[in-house]
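S.K.: Need the 3D shape of this:
(chains A and B)
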Amino acid sequence: DGGITQSPKYLFRKEGQNVTLSCEQNLNHDAMYWYRQDPGQGLRLIYYSQIVNDFQKGDIAEGYSVSREKKESFPLTVTSAQKNPTAFYLCASSSETLGTPLHFGNGTRLTVT
Amino acid sequence: RKEVEQDPGPFNVPEGATVAFNCTYSNSASQSFFWYRQDCRKEPKLLMSVYSSGNEDGRFTAQLNRASQYISLLIRDSKLSDSATYLCVVRHYGQNFVFGPGTRLSVLP
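M.R.: This is a model prediction of the structure:
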């Protein structure tokens, strides 16, 4: 079955360390996205990519970096510059066809202490 | 003003009740519309797309009013399992998806 795989499900890091969250999709979607969700809050867009080797900043890109070397993969690095990295991170993908929805992975819950 | 706004909630309703969620969007160029549900500590899941003529899926009915830039979701005969946060999502062609803040529903026994 096609889908989006995020790993790991839970991640614990010490403050000051960079950490990379994995996101892989086999839906053949061109566009991929990273969102952050804090408890009781809505989704906020971190980065998105509409094509391989190209990506754009979302609303809260500071302290994060991404790469898109393959269509299937869109890893997110949370750097030590991100002041409050503890959150629920969601990866999603979509096709560019009008009317098609966004598909989400299961998410990675990152805790930084 | 936020681009997508929803009823603030939470909604607490008894089992079997009918509940309606409202959503307004500010960008008249929006072309695709969706309702997602999100359970606590899980990813959002597509509930239904919303079409201009309105559409129904079992107990769920979605309506779109382009002139008023308004989307609704009606849940009939609500079940305990319907308890979740409901997210209104719009998309402009070639642009990103824009999420509303969500409305939390609790269906009570």
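S.K.: Just confirm B:Ser81 is within a strand.
M.R.: No - counting by DSSP: H, G, I helix; E, B strand; the rest coil, B:Ser81 is not part of a strand but helix.
S.K.: Run through the residues that contact it.
M.R.: By CB atoms under 8 Å, 6 or more residues apart in numbering or on different chains, the residues touching B:Ser81 are B:Val107. To be clear about C-beta, it is placed using only N, CA and C from the backbone, and glycine gets the same treatment.
S.K.: Show me where chain B dips below the pLDDT cut-off.
M.R.: Within chain B, the stretches with pLDDT under 70 are B:94.
S.K.: Skip the chain neighbours and tell me the closest residue to A:Phe12.
M.R.: A:Thr111 (5.0 Å; CB to CB, 6 or more residues apart in numbering or on different chains).
S.K.: what's the burial count for the one you found?
M.R.: 11 (other CB atoms under 10 Å in any protein chain shown).
S.K.: Return the set of buried residues in the helix or strand that contains it.
M.R.: According to DSSP states H and E, A:Thr111 maps onto strand A:108-112. For strand A:108-112, burial by neighbour count (16 or more other CB atoms under 10 Å in any protein chain shown) applies to A:108-110, A:112.
S.K.: which residues are in contact with that strand?
M.R.: With CB under 8 Å, 6+ apart, strand A:108-112 has contacts from A:6-15, A:17, A:19, A:21, A:78, A:85-89, B:41.
S.K.: Buried ones among those?
M.R.: A:6, A:11, A:13, A:19, A:21, A:78, A:85-89.
S.K.: So which residues on chain A come close to chain B?
M.R.: Contact residues, chain A versus chain B (CB under 8 Å from any CB of the partner chain): A:33, A:42-43, A:45, A:48, A:58, A:88, A:90, A:94, A:96, A:98-107, A:109.
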